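Undergrad: got a sequence here, can you model it:
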Amino acid sequence: MGDATSERGDEPDDVFEQFKRNRKASFRFKARDDICLLRLVLKYQPWSAGHGEMGSTWEKVAQGLNGFVSHLEMHGTLPSDKIDLVKMDPAKVATFVDAKACTRRFNTLLEAYMKNSMESVRAVCVNNEFDERQNLLRQAKAKFDEMLKTKTARVNARVRRFTNADDHSDTESTSAGEDKSRRKRSRHGDDDDDDDGNDDGDERQFSRGRRHSEFEQLARVLGKYYEKKMHLSLALKERELELQAKQLALDEARLEMEKKERESHIAAMNAQTLLLGKLTEQLTRYGNQQYGGQVTAHPPQEPTHNA
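TA: Presented below is the predicted three-dimensional model:
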């Protein structure tokens, strides 16, 4: 027949459409999804993107992860080793996560790794998956620290240039003021101009001190702002981890309850089977007593016809 098939082989397009409609609205990361995410992050390195390009870089990460998950969900097997280079038709890729979800998950994994709290997820991971994820997180942290060190050095260099420029300007102003004072003393006498020279020096010293004070005050304000922002971010991440732990506990309690319900149902079925067996035995005994013959509870067999 002429059923329409897609590039996936003998799977019809309507199967994929049904799969897209029935997929879960909320995506929960598994160990293999984390591994794919970390490989994509190491490939694109969003933290090193230029100004205004970080969002588009995370979009590439999300697109690659969606392709990986779509391949896994549709085929039931993992792609090739290069899971960050899964080639799929964009029309055949379901949207499981977006750039924000990828960013949040990466930040959560990195902070958990930095706090040495990854042991809590070892129980739900295969050993090789856990080790690979730890190795990828170690590489990502090294890349991130290298970028942070580079940016810090760049900012410090700018601060030094700014400070040296101020000192150079103050030196030139001091030299010009001294020349002006000498010219005044040559015209009006040394005794009359000593006080003017001291006033000019005090004014220049006050101006330079004021600029340094303003710069130090600005640095303190910025430092407090970033420190407060970091503490707030850590508090939010800790709250998110607590909520995830509570959700995990609820899931475990639900699974335990379902297990007990299944065991109770099996026990009830066994008891019912035992009761039916006893009733059958009693009916057989009662028939033997009434009819004086060998009565069994088995259904009669159909007669056989001789040829």
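
Undergrad: C-alpha only now, for contacts and for neighbours.
TA: Noted.

Undergrad: residue 33: how many residues sit nearby?
TA: Residues lying near residue 33 (other Cα atoms under 10 Å) number 15.

Undergrad: and it, what element?
TA: If you go by DSSP states H and E, residue 33 is part of helix 31-44.

Undergrad: quick one: contacts of that helix?
TA: Outside helix 31-44, the residues that touch it by Cα atoms under 8 Å, 6 or more residues apart in numbering are 57, 61, 64-65, 68-69, 83-84, 102, 106, 125, 129-130, 132-133, 136-137, 139-140.

Undergrad: among those residues, name the buried ones.
TA: 57, 61, 64-65, 68-69, 83-84, 102, 106, 130, 132-133, 136-137, 140 (16 or more other Cα atoms under 10 Å).

Undergrad: taking the residues you listed, tell me the two that lie furthest apart.
TA: 57 and 130 (26.1 Å; Cα to Cα).

Undergrad: just the CA trace of the helix holding residue 33, in PDB.
TA: C-alpha atoms of helix 31-44 as PDB (Å, rounded to 0.1, in the frame of the first residue of the first chain):
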ATOM      1  CA  ALA A  31      21.600  10.800  33.600                       C
ATOM      2  CA  ARG A  32      22.000  10.300  29.800                       C
ATOM      3  CA  ASP A  33      20.300  13.700  29.200                       C
ATOM      4  CA  ASP A  34      22.700  15.400  31.600                       C
ATOM      5  CA  ILE A  35      25.700  13.800  29.700                       C
ATOM      6  CA  CYS A  36      24.400  15.000  26.400                       C
ATOM      7  CA  LEU A  37      23.700  18.500  27.800                       C
ATOM      8  CA  LEU A  38      27.200  18.700  29.300                       C
ATOM      9  CA  ARG A  39      28.800  17.600  26.000                       C
ATOM     10  CA  LEU A  40      26.900  20.300  24.100                       C
ATOM     11  CA  VAL A  41      27.900  22.900  26.700                       C
ATOM     12  CA  LEU A  42      31.500  22.000  26.400                       C
ATOM     13  CA  LYS A  43      31.200  22.200  22.600                       C
ATOM     14  CA  TYR A  44      29.500  25.600  22.400                       C
END
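
Undergrad: other SSEs contacting the helix or strand following that helix?
TA: Following helix 31-44 in sequence order, the next helix or strand is helix 54-75 (DSSP H and E). Counting contacts by 3 or more Cα pairs under 8 Å, 6 or more residues apart in numbering; DSSP states H and E, helix 54-75 packs against helix 31-44, helix 99-114.

Undergrad: what mean pLDDT would you report for helix 54-75?
TA: Average pLDDT, helix 54-75: 85.

Undergrad: report the angle between it and helix 99-114.
TA: 90 degrees (axes from the mean of the first three to the mean of the last three Cα atoms, to 10 degrees).

Undergrad: got the angle for helix 54-75 vs helix 31-44?
TA: 140 degrees.

Undergrad: could I have stretch 270-277 exported to CSV, CA atoms only?
TA: These are the backbone C-alpha positions of stretch 270-277, laid out as CSV (Å, rounded to 0.1, in the frame of the first residue of the first chain):
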residue,chain,number,x,y,z
ASN,A,270,-4.3,-15.9,46.2
ALA,A,271,-6.9,-16.0,49.0
GLN,A,272,-9.7,-16.0,46.5
THR,A,273,-8.1,-18.8,44.5
LEU,A,274,-7.6,-20.8,47.7
LEU,A,275,-11.3,-20.3,48.7
LEU,A,276,-12.5,-21.4,45.2
GLY,A,277,-10.3,-24.5,45.6
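
Undergrad: list the buried residues in that stretch.
TA: Neighbour counts over stretch 270-277 (16+ other Cα under 10 Å) mark no residue as buried.

Undergrad: repeat that for stretch 28-41.
TA: The neighbour-count check on stretch 28-41 (16+ other Cα under 10 Å) flags 31, 32, 34, 35, 36, 37, 38, 39, 40, 41 as buried.

Undergrad: tell me the two of those residues that are most distant?
TA: 31 and 41 (15.3 Å).

Undergrad: follow-up on the earlier one: tell me which of the buried ones among the contacts of helix 31-44 is nearest to residue 280?
TA: residue 69 (54.8 Å).

Undergrad: and the gap between that closest one and residue 129?
TA: 16 Å (Cα to Cα, to the nearest Å).

Undergrad: before we move on, what about residue 288?
TA: From residue 288 to residue 129 the distance is 67 Å (Cα to Cα).

Undergrad: what's the pLDDT at the closest residue to residue 108 other than its chain neighbours?
TA: In this structure, residue 108 finds its nearest non-sequential neighbour in residue 237, 6.8 Å apart by Cα to Cα, 6 or more residues apart in numbering. pLDDT, residue 237: 81.

Undergrad: circling back: mind putting the helices and strands packed on helix 54-75 into JSON lines with mean pLDDT and distance to residue 262?
TA: Shown next, in JSON lines, are these (pLDDT from 0 to 100; distance: least, Cα to Cα, whole Å):
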{"stretch": "helix 31-44", "mean pLDDT": "90", "distance to residue 262": "29"}
{"stretch": "helix 99-114", "mean pLDDT": "90", "distance to residue 262": "35"}
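
Undergrad: cool, thanks, talk later.
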